[in-house]
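J.: How does the following fold in three dimensions:
(2 chains)
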Amino acid sequence: MGDWKRTHYCGQLTADDIGKDVCLMGWVQRRRDHGGLIFIDLRDREGFAQLALDPDRDPEAHMKADKVRNEFVVAVQGKVSPRPEGTVNPKMKTGEVEVEVHELRVLNTAKTPPFMVEDYVDVAENTRLKYRYLDLRRPSIQQNIVLRHKITRSAREYFDGEGFVEIETPFLTKSTPEGARDYLVPSRVNPGTFYALPQSPQIFKQILMVAGYDRYMQIVKCFRDEDLRADRQPEFTQIDCEMSFVDRDDVLRIMEGMIAKVFKETIGVDVALPMPRITYAEALSRFGVDNPDLRFDMELVDISDTARECGFKVFADAVAWGGVVKGMNLKGGSSLSRKELDDLTDFVKIYGAKGLAWAKLTPDGWQSPIAKFFKPEELERINHLLQAETGDVLVFVADSFRVANDALGRLRVHLGHKLGLIEKDSYAFTWVTDFPLLEWDGEMRRHVAVHHPFTAPMDEDVPLLDADPGKVRAKAYDLVLNGSEIGGGSIRIHDKAVQSRMFDLLGIDEDEARIKFGFLLDALEFGAPPHGGIAFGLDRLAMILTGSDSIRDVIAFPKTQKATCLMSEAPGPVDEKQLKELSIRLATRPKQ
RNA sequence: GGGGCUGUAGUAGAGUCGGUUACAACGCCGGCCUGUCACGCCGGAGGUCGCGGGUUCAAGUCCCGUCAGCCCCGCCA
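T.: From the prediction side, this is the model:
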């Protein structure tokens, strides 16, 4: 670079800069050699600038430009000038100007990249991940990463203004029962023992409340050793909060404000407050899932009462065995072909449904393989319940409450996309409240916490803890955006007796509770304030705000579905010496 | 653990019914070109058809296995 100092970003040059002497530094996007004149598109974080190298004006710079190739790192000094009449490029932000280069320095050469560093090239994901540093140079990914920064900046600003204190909690901590599989870290100093990387800072943030910090927040990595999905990585980031002396409504109100500020400051969208709320029970009943996508209608309708008496054995039996029959009206869906309807049947089978009954509403009534099993008045009643009109398609699942809701709920979202019911750039928020506290686990033959073991039951349901634990509702809440759970939290138990009762119900005996998180139980006995909090999934929030289909597009260095990093080749084998220091012997040799 | 999709020059693709030397595009290399901007024109190089096995006179193509990437189920308090 010599003594050169960059004066401008490439992407920020405008007509206002005409006449200025500038120094730019960046990467060569493309070189266009006209025999005489050479043009170079120079790229940096902020965009592109066209460099013009004229052999008559600056022969030495022109000669150097002749040797320049894609992705070379180049510095230039020159004058910003208006482009000649007729050569303005309206497609380019800096298309009105160019830099007349007087001097050019090649700061570094580059091998020919394995793929073009451009937005529109379609490259296999494994190639992108192996050369992640090149992929990250692409403008669209850079915009995602910068937008992610804006999210955390806005959130921190907001929380600071609301009196929150950012406090770090340990990564080397203790394995806790319940929840996801832990990532373990062996302790060298204490042979045979392990730290666990936190699945969330849950216990520590509660202890910070006991410690009197009152309002805590942290933007923090969490680790869960579970299988990956398009929106799930083994290490991910939470915007984590906890507050003392608050009830549920306090938490929701303050958190809505944060989300609204983030939306305004990242993508300029005004979020209407307060956000709508729906109970867990209502969400399940109307949408089949606890993360309803409210960008479109097409609600589920329970027709069990009609199905119970009907002549179609599949429906009647399902109800007789304690299940339900639910249906959905695909408004104007008669354009769906027989093949497409069959595909929908395959779709619901993924979620355990045994089949999907369907009926097309023609001017003559039901056109359906199952029409013959129903009396006219039964069809009439079902049509009425589903508000069916000519041109609609009705679909039904008869199964257990869980399977019918799950299958139709997922089908609803599938069809919402397939039938184009979702308006682009729309953001439908809802709080989901009143989750059940506990869920019966048939395999483990005991209750498990729906949220986590520190979630408080609703006051009016506390008596049910003994009578009917499965019926107890929790002071828990999720924030759902466009059908994606972007945050979840609860008011916590701050009373040792209730906490002990909870462990009891979870089949965690006192000794085990003491070993696993006795320190929290101890802390609860030293003046724990009423408290509660929430954690937002930063990655999912960033996905939605950037319109990304994959979580990998909003994480600088993501992992593959097998939880490997193709760039660093982690995880990898370690030296025998390292293992010995850690008192570890391998039962399995790593695959070569 | 299970289901599905994909894998062919550096990149992303075509490759018919199993049949001659595996195509054209972008990129790359060389040459020409003074207003392009996905510059243009001419020429050239570049292949372990993911890997292993099988069927066959003959396999990119068919079969079996395996590996990798992606999507999903299970899992993810």
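J.: burial count for the residue of the stretch 401-550 of chain A found nearest RNA strand B?
T.: Scanning the stretch 401-550 of chain A for the residue nearest RNA strand B gives residue A:452, at 3.0 Å (criterion: C-beta to the nearest atom of the strand). C-betas here are computed from N, CA, C, even on glycine. Neighbourhood size, residue A:452 [other C-beta atoms under 10 Å]: 21.
J.: Below-threshold pLDDT in the stretch 151-300 of chain A: ranges please.
T.: Low-confidence segments of the stretch 151-300 of chain A, defined by pLDDT under 70: A:177.
J.: Contact residues of the stretch 51-200 of chain A facing RNA strand B?
T.: Taking C-beta under 7 Å from any atom of the strand as the contact definition, the stretch 51-200 of chain A meets RNA strand B at A:52, A:54-56, A:69-70, A:83-84, A:86-89, A:91-92, A:95, A:98, A:112, A:114-116, A:120-127, A:129, A:178-181, A:199-200.
J.: buried subset of those?
T.: With neighbours counted by 16 or more other C-beta atoms under 10 Å, those contain buried members at A:52, A:55, A:70, A:98, A:123, A:129, A:199, A:200.
J.: Between the two ends of stretch A:161-173, how far is it?
T.: End-to-end distance of stretch A:161-173 (C-alpha to C-alpha, to the nearest Å): 30 Å.
J.: Name the residues of that stretch that are buried.
T.: Residues A:164, A:167, A:169, A:171, A:173 are the ones in stretch A:161-173 that count as buried (16+ other C-beta under 10 Å).
J.: Reformat the residues you listed as TSV; add distance to residue A:329 and secondary structure.
T.: Below are those laid out as TSV (distance: C-beta to C-beta, whole Å; DSSP: H, G, I helix; E, B strand; the rest coil):
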residue	distance to residue A:329	secondary structure
A:164	46	coil
A:167	51	coil
A:169	49	coil
A:171	50	coil
A:173	50	strand
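J.: Keep only those of the residues of the stretch 51-200 of chain A next to RNA strand B that are in helices.
T.: Counted as lying in helices by DSSP state H, out of those, are A:125, A:126, A:127, A:129.
J.: The residue of the stretch 401-550 of chain A closest to RNA strand B contacts residue A:176, doesn't it?
T.: No. The criterion here is C-beta atoms under 8 Å, and residue A:452 misses it with residue A:176 at 9.2 Å.
J.: all helices of the stretch 451-592 of chain A, in order?
T.: Ranges of helices in the stretch 451-592 of chain A, per DSSP state H, counting those that start in this stretch, are A:464-467, A:496-505, A:510-524, A:538-546, A:576-581.
J.: how about the nearest residue to residue A:533 once chain neighbours are set aside, secondary structure?
T.: For residue A:533, ignoring the flanking residues on the chain, the nearest one in space by C-beta to C-beta, 6 or more residues apart in numbering is residue A:242 at 3.4 Å. Put simply, residue A:242 is strand when judged by DSSP: H, G, I helix; E, B strand; the rest coil.
J.: isn't residue A:242 right next to residue A:208, touching?
T.: Yes. Between residue A:242 and residue A:208 there is a contact under C-beta under 8 Å: 6.6 Å.
J.: And residue A:79, how far from RNA strand B?
T.: Distance from residue A:79 to RNA strand B, counting by C-beta to the nearest atom of the strand, to the nearest Å: 12 Å.
J.: what helix or strand does that residue sit in?
T.: Secondary structure assignment for residue A:79, by DSSP states H and E: strand A:73-82.
J.: If we go by neighbour counts, what in that strand is buried?
T.: A:73, A:74, A:75, A:76, A:77, A:78, A:80.
J.: With respect to residue A:429, which of those is nearest?
T.: Closest to residue A:429 out of the buried residues of strand A:73-82 is residue A:73 (43.9 Å), distances taken as C-beta to C-beta.
J.: which residues pair with that closest one across the strands?
T.: For residue A:73, the beta-bridge partners are residue A:27, residue A:108 (DSSP bridges).
J.: Number of residues surrounding the residue nearest to residue A:93 when sequence neighbours are not counted?
T.: Nearest non-adjacent residue to residue A:93, counting by C-beta to C-beta, 6+ apart: residue A:47, 5.5 Å away. Around residue A:47 sit 19 other residues, with neighbours defined as other C-beta under 10 Å.
J.: Neighbours of residue A:498, how many?
T.: Neighbours of residue A:498 under the rule other C-beta under 10 Å: 14.
J.: longest single helix anywhere in chain A?
T.: If you go by DSSP H, chain A has its longest helix at helix A:139-161.
J.: by contact count, what packs against that helix?
T.: Other elements packing on helix A:139-161 under the criterion 3 or more C-beta pairs under 8 Å, 6 or more residues apart in numbering; DSSP states H and E are strand A:215-223, strand A:235-244, helix A:248-267, helix A:538-546.
J.: Which one, of these, ends up nearest to residue A:33?
T.: Across those, residue A:33 has its closest neighbour in helix A:538-546 (36.0 Å, C-beta to C-beta).
J.: Wasn't residue A:369 part of a strand?
T.: No. Counting by three-state DSSP, residue A:369 is not part of a strand but coil.
J.: dump the residue contacts of it.
T.: The neighbours of residue A:369, taking C-beta atoms under 8 Å, 6 or more residues apart in numbering as the test, are residue A:357.
J.: Torsion angles phi and psi at it?
T.: phi -60, psi -20 (degrees, to the nearest 10).
J.: ok, now residue A:320?
T.: For residue A:320, the backbone dihedrals are phi -60, psi -30 (criterion: degrees, to the nearest 10).
J.: what's the neighbour count on it?
T.: Counted with other C-beta under 10 Å, the neighbours of residue A:320 add up to 11.
J.: ditto for residue A:21
T.: For residue A:21, the neighbour count with other C-beta under 10 Å is 13.
J.: go on, the one 3 residues further on?
T.: Other residues lying near residue A:24 total 24 when counted by other C-beta under 10 Å.
J.: ok, it to residue A:83 distance?
T.: Distance, residue A:24 to residue A:83, by C-beta to C-beta, to the nearest Å: 16 Å.
J.: so, in contact with RNA strand B or not, stretch A:227-237?
T.: Yes. Using C-beta under 7 Å from any atom of the strand, stretch A:227-237 reaches RNA strand B at A:227, A:228, A:229, A:230, A:231, A:232.
J.: which non-adjacent residue is nearest the second one?
T.: It stands for residue A:228. Excluding the flanking residues, the one nearest residue A:228 by C-beta to C-beta, 6+ apart is residue A:561, at 4.9 Å.
J.: What of residue A:395?
T.: Nearest non-adjacent residue to residue A:395, counting by C-beta to C-beta, 6+ apart: residue A:358, 4.9 Å away.
J.: Tell me how far stretch A:490-504 lies from the chain's centre.
T.: Distance, stretch centre to chain centre, for stretch A:490-504: 30 Å (C-alpha atoms, centre = their mean, to the nearest Å).
J.: Same question for stretch A:509-526.
T.: Put simply, stretch A:509-526 sits 33 Å off its chain's centre (C-alpha atoms, centre = their mean).
J.: mind saving the C-alpha coords of it as PDB?
T.: Output of stretch A:509-526 as PDB, limited to C-alpha atoms (Å, rounded to 0.1, in the frame of the first residue of the first chain):
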ATOM      1  CA  ASP A 509     -35.500 -37.000  42.700                       C
ATOM      2  CA  GLU A 510     -34.000 -34.700  45.300                       C
ATOM      3  CA  ASP A 511     -30.500 -36.200  45.200                       C
ATOM      4  CA  GLU A 512     -30.400 -35.900  41.400                       C
ATOM      5  CA  ALA A 513     -31.800 -32.400  41.500                       C
ATOM      6  CA  ARG A 514     -29.200 -31.500  44.000                       C
ATOM      7  CA  ILE A 515     -26.400 -32.900  41.900                       C
ATOM      8  CA  LYS A 516     -27.600 -31.400  38.600                       C
ATOM      9  CA  PHE A 517     -28.600 -27.900  39.700                       C
ATOM     10  CA  GLY A 518     -28.500 -27.700  43.500                       C
ATOM     11  CA  PHE A 519     -26.900 -24.300  43.100                       C
ATOM     12  CA  LEU A 520     -30.100 -22.900  41.600                       C
ATOM     13  CA  LEU A 521     -32.200 -24.500  44.400                       C
ATOM     14  CA  ASP A 522     -29.800 -23.000  46.900                       C
ATOM     15  CA  ALA A 523     -30.000 -19.600  45.300                       C
ATOM     16  CA  LEU A 524     -33.800 -19.700  45.300                       C
ATOM     17  CA  GLU A 525     -33.600 -20.000  49.100                       C
ATOM     18  CA  PHE A 526     -31.700 -16.700  49.500                       C
END
